[in-house]
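1. what's the 3D shape of this:
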Amino acid sequence: MANKNDAKTVKEPLIHIAKRSALPFWQSWLIRIASVLASLIVCAVVIVVFTGDNPLQIYATMFKGAMGTPRKIWSLLQSLSMLLCVSLAVTPAFKMRFWNIGAEGQVLMGGLATAACMIYFKSMPTPLLIIVMIAASVIAGIIWAVIPAFFKAIWNTNETLFTLMMNYIAMCIVSYFVYVNSVPKGSGKIGVINSDTNAGWLPVIGKYNYLLNIIIVALLTAAVYVYLKYSKHGYEIAVVGESENTAKYIGINVKKVIIRTMILSGALCGIAGLLLVAGTDHTLTRDTAGGRGFTAIMVSWLAKFNPLYMILTSFILAFMEKGAGQISTDFGLNASFSDIIMGIVIFFIIGSEFFINYEIRFRGHKIKKIKEAGVK
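-> Predicted structure coming up:
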């Protein structure tokens, strides 16, 4: 038998990454704010090196582009609300650990259903037409979301790939109908729908047609927050997300929860399509969703699936998008440069989550004695 006093020395690594215990609310947000400030410093260096412009002027231009006039402020709130609406749609599924990457296609199908109602039922009284549009857009979004949910619940298919592929099918369907109805022919865009009668256009509140969308999304945000935090269904979603086996053990029907949750996600995406087509654009293209279905993934994840925190993350991303566009216009820079600035900021925001969940420990070259177990 080996001597129990035998030992060997091992050097610990200079840098050790360890799981951090849960931080207080204020500390986690302090890290996030620090990451944004750090990203602005890095962006300033990039601006000086590659353009020679004053970074402060660049940042002032970003602020002007996002909030320089009342119209721009309302436009920013509109972008925020639409991104938030899609983020609300994917959040229940994400909290359940069902990775719904198909929000882009679900929004497009909701928008297509809305446009179809506006075109073919325009003779209806406007109040009745709007009711039909709401029902059609919600049903279209639900159908596009339930298909992958059904396959996941019954045959345990990979929902990430399934929902992702559904996006491209939706884009092709929308592209076909847009081409058939495009004005002028082949332009890839349906002309302004019912521009002579405004049939099916959502009512304008105040000076801008953004306000109704903002109000609707604000109400949806409150409703989803209450649903996830205080309802029985929200509790079941959380349990399924933590462990399907635990959910089954306590009597939760996991298949039912998966399909029910995706019905909610699809319905919210359908409403987003309705608001985009009937509320602001009054037309339809394959780019109507504008990549919000993918950006919403980041918004939801950064907010830890909390609808109230998603207001802030949506604001940051919408602000960056509006401001970055203004940089390209005022300084004559390539549009890719504004994307680089936005990418740096997003990279730092995502990176801040690492420091919230982990800490870096420097151990030096300390020697640790490890006694070997006796072996016959």
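
2. does residue 267 really touch residue 142, like I thought?
-> Yes: Residue 267 lies in contact with residue 142 (CB atoms under 8 Å); the separation is 5.4 Å. C-beta coordinates here come from the backbone N, C-alpha and C atoms, glycine included.

3. More neighbours: which of these two?
-> Set side by side, residue 267 and residue 142 show more neighbours around residue 142, with 23 against 20, by other CB atoms under 10 Å.

4. phi, psi of the more buried one?
-> With angles defined as degrees, to the nearest 10, residue 142 sits at phi -60, psi -50.

5. hey, where'd the strands end up in this protein?
-> Under the criterion DSSP state E, the chain contains strands at 7-11, 15-19, 358-362, 367-371.

6. Compare these and say which comes out lowest on pLDDT.
-> The minimum mean pLDDT among the strands of the chain belongs to strand 367-371 (a mean of 45).

7. list the contacts for residue 143?
-> By CB atoms under 8 Å, 6 or more residues apart in numbering, the contact set of residue 143 is 109, 266.

8. ok, now the one 5 residues further on?
-> Each residue near residue 148 by CB under 8 Å, 6+ apart is listed here: 100, 102, 157, 159, 162, 163, 166, 262.

9. what's the nearest residue to it once chain neighbours are set aside in contact with, if anything?
-> In space, and not counting its chain neighbours, residue 148 is closest to residue 162: 4.0 Å by CB to CB, 6 or more residues apart in numbering. Neighbouring residues of residue 162 by CB under 8 Å, 6+ apart: 102, 147, 148, 151, 152.

10. related to what we said a few turns ago, helices - which of the contacts of residue 148 land there?
-> Among the contacts of residue 148, DSSP state H puts 159, 162, 163, 166, 262 in helices.

11. low-scoring pLDDT stretches of the chain, where are they?
-> Within the chain, the ranges that satisfy pLDDT under 70 run 1-12, 335, 363-376.

12. Now do the helices in it.
-> Using DSSP H, helices in the chain cover 25-50, 55-67, 70-95, 103-120, 126-155, 159-181, 211-230, 232-242, 244-249, 254-274, 292-302, 307-331, 335-357.

13. Arrange the ones you listed in CSV, one row each, with distance to residue 193 as further columns.
-> Output for these, formatted as CSV (distance: least, CB to CB, whole Å):
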stretch, distance to residue 193
helix 25-50, 40
helix 55-67, 29
helix 70-95, 18
helix 103-120, 5
helix 126-155, 11
helix 159-181, 9
helix 211-230, 17
helix 232-242, 36
helix 244-249, 44
helix 254-274, 13
helix 292-302, 21
helix 307-331, 26
helix 335-357, 29
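
14. Out of those helices, flag the one nearest residue 204.
-> Residue 204 sits nearest to helix 211-230 of all the helices of the chain, at 7.2 Å, using CB to CB.

15. Show me what the closest one is packed against.
-> helix 70-95, helix 232-242, helix 254-274, helix 307-331 (3 or more CB pairs under 8 Å, 6 or more residues apart in numbering; DSSP states H and E).

16. Next up, the contacts around the closest residue to residue 351 other than its chain neighbours.
-> Excluding the flanking residues, the one nearest residue 351 by CB to CB, 6+ apart is residue 35, at 6.4 Å. Shown in contact with residue 35 (CB under 8 Å, 6+ apart): 348, 349, 351, 352, 355.
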